[in-house]
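sequence-free structure coming up:
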């Protein structure tokens, strides 16, 4: 009902349209960083998920997939494993490439040769392309399909044991901490771009804001993560040289009070101009468009599985993507992360993470409100800093 107000000067009743209620947020207790950031939106907080318009959960979210109301949103995609599991990502990229053999742009332009070792055909193909004898120039990284933070990774070139086991018809079972695990083998990028002599990897943040219609955006800033020891193309057992994940650097004692673990994109841009003779606008003008093309390809490759959602509710995902630049400044996707780390206890992430997260949630809430009103998405304007990957 509209609000009726009396103008005391004229004695006339004026009818004013009632303002829509502000959306209510629920953030679970284990999402402390997200909760602190989203409090800055000034939106009312719901005491329980049932009362919320947008639910942000880090754990125990699966039961909500079938409990959401029509326009109630949750920060997970039921089919997100098609991208966040490394074996599934590899499979759908291969399928996309096989379906478009003559495409001008394919996964081969941004995804190193990769093989699912749990699949008999791909395992055999991996062995078939190895040289007759192990060679230190032929380095591979073995990754558990479902783990993150660099956990369970093995890097090396001595693969005779695997070749011999398969030639003898012996079953090969990869293990992690005493349990069977699915692994992929991915060619290791040895000519990695070094930042002041250290290996680096980019973390970019991107948002699947809606599945129907498909709306995907990427944030214009991320972080460059560095190892704590200078790079050497050997000693692959040393994670302080070869694994850029901050968790691994801290776990293995490489972090001190003086450690510099992250750069922001403006600093990366300055370094590329100075050390690689890159164009002054290389990051915004060349690198970011290339990353958007990469993400568009990835989403299209997994689209059919992503769209398989329960009949009610709104599903969205804030994701991460890890990218390594080689010494020609070509980007290579290494994996897709669900629930990318939102801590902001260092100066670089303190500048990047809060506006990135608030912008993501603001965009999703805008999409939901438009759906409620039956409005088109054609004139939807992304939050500041976000760029279309797949637009309306």
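Happy to help now that I have it. Quick caveat, the model's predicted, so the values are computed rather than measured. Numbers count the residues shown, from 1 in each chain.

what kind of secondary structure is residue 101 in?
At residue 101 the chain is in coil, as set by DSSP: H, G, I helix; E, B strand; the rest coil.

Name the residue closest to the centre of this protein, please.
residue 320 (1.7 Å; C-alpha atoms, centre = their mean).

so what's that residue closest to, chain neighbours aside?
residue 340 (3.0 Å; C-beta to C-beta, 6 or more residues apart in numbering). For glycine as for every other residue, the C-beta is placed from the backbone atoms N, C-alpha and C.

now swap in residue 346 and tell me
residue 262 (6.1 Å).

give me every residue that touches that neighbour.
223-226, 246, 346, 348-349 (C-beta atoms under 8 Å, 6 or more residues apart in numbering).

Go again with 6 Å.
Residue 262 makes contacts with 223, 225, 348, as judged by C-beta atoms under 6 Å, 6 or more residues apart in numbering.

if we can go back for a sec, per-residue pLDDT, the residue nearest to residue 320?
At residue 340, the model reports a pLDDT of 87.

How far off centre is the strand or helix carrying residue 305?
Using DSSP states H and E, residue 305 falls within helix 288-306. The chain centre lies 11 Å from the centre of helix 288-306; the measure is C-alpha atoms, centre = their mean, to the nearest Å.

again with stretch 377-390
On C-alpha atoms, centre = their mean, the centre of stretch 377-390 falls 18 Å from the chain's centre.

residues of that stretch that come out buried?
380, 382-383, 385-387, 389-390 (16 or more other C-beta atoms under 10 Å).

Including secondary structure, could the residues you listed go into TSV?
Shown next, in TSV, are these (three-state DSSP):
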residue	secondary structure
380	coil
382	coil
383	coil
385	coil
386	strand
387	strand
389	strand
390	strand
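
contacting residues for residue 54?
25, 73.

In terms of pLDDT, where does it sit?
So residue 54 comes in at 98 (pLDDT).

For it, name its beta-bridge partners.
residue 25, residue 73 (DSSP bridges).

before we move on, the earlier item: for residue 99, state which of the buried residues of stretch 377-390 is nearest.
residue 390 (18.2 Å; C-beta to C-beta).

got the angle for the biggest strand by length in the chain vs helix 288-306?
Ranked by residue count, the top strand of the chain under DSSP state E comes out as strand 198-211. Orientation check (axes from the mean of the first three to the mean of the last three C-alpha atoms, to 10 degrees): strand 198-211 against helix 288-306 gives 50 degrees.

how about low-confidence regions in this structure?
For the chain, the stretches with pLDDT under 70 are 1-20, 148-150, 170-173, 175-176, 239-242, 244-259.

which residues of it fall in helices?
32-38, 81-84, 86-99, 120-128, 160-167, 239-242, 246-251, 265-276, 282, 288-306, 347-373 (DSSP state H).

Reformat those as TSV; add mean neighbour count.
Shown next, in TSV, are the helices of the chain (neighbours: other C-beta atoms under 10 Å):
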stretch	mean neighbour count
helix 32-38	18
helix 81-84	22
helix 86-99	19
helix 120-128	15
helix 160-167	13
helix 239-242	21
helix 246-251	18
helix 265-276	16
helix 282	17
helix 288-306	19
helix 347-373	19
